[in-house]
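Engineer: Build me a structure from this.
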Amino acid sequence: METLQFIHSYWAYLVLLVLVLATLNALFKFFGDKEFDAKDFRISLFALITMHIQLLIGIILWFTKGYFDELSVGEVMKNDAIRKLAVEHPSTMLIAVALVTIGYSKHKKKLVSKPKFKILSIFYTIALALVLYMIPWNLWF
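Structural biologist: Coordinates of the predicted model:
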């Protein structure tokens, strides 16, 4: 389980880096009226892939941690630290992954560059904000 926690923690750096890159790329190209090309597609796809891998690792980790094995739901919810790790972090990150997935799917249906970048900008920015808010910074540093 420690190995899985290590992977989840360090893969998160890659996820954050790629998500920031994909978000900034979409924002700069949206406001700069640039054309959508293969590189933009790959950047947004790589953000999607890295987030889904992180989600899978996180789900496995959540089930192996056993937060609810020894504690009742009420006890977990009363403890701020455990609640954040067992409930708030996973649910917020799941929403962030869903936003990236929806944004990626919706952008593929657009035929011209400006709407593609607009969709990616909106969904990836909100997802990035959620990720930055819910990262357990005290465990990272």
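Engineer: would you list every one of the helices in the protein?
Structural biologist: 2-31, 38-65, 67-70, 73-78, 80-83, 89-108, 113-134, 137-140 (DSSP state H).
Engineer: okay, the third one in PDB with CA atoms only?
Structural biologist: So the one you mean is helix 67-70. Extracted in PDB, the C-alpha atoms of helix 67-70 (Å, rounded to 0.1, in the frame of the first residue of the first chain):
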ATOM      1  CA  TYR A  67     -11.200   4.400   6.000                       C
ATOM      2  CA  PHE A  68     -14.600   3.000   6.800                       C
ATOM      3  CA  ASP A  69     -13.400  -0.400   8.100                       C
ATOM      4  CA  GLU A  70     -12.700   0.700  11.700                       C
END
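Engineer: Output the contacting helices and strands for that helix.
Structural biologist: Packed against helix 67-70 by the contact rule (3 or more Cβ pairs under 8 Å, 6 or more residues apart in numbering; DSSP states H and E) you find no helix or strand. C-beta here means a position set from N, CA and C on the backbone, and glycine is covered the same way.
Engineer: What residues of it count as buried?
Structural biologist: Tyr67 (16 or more other Cβ atoms under 10 Å).
Engineer: Over to the first one?
Structural biologist: The neighbour-count criterion (16+ other Cβ under 10 Å) identifies 8, 12, 15-16, 18-19, 22-23, 25-27, 29-30 as the buried residues of helix 2-31.
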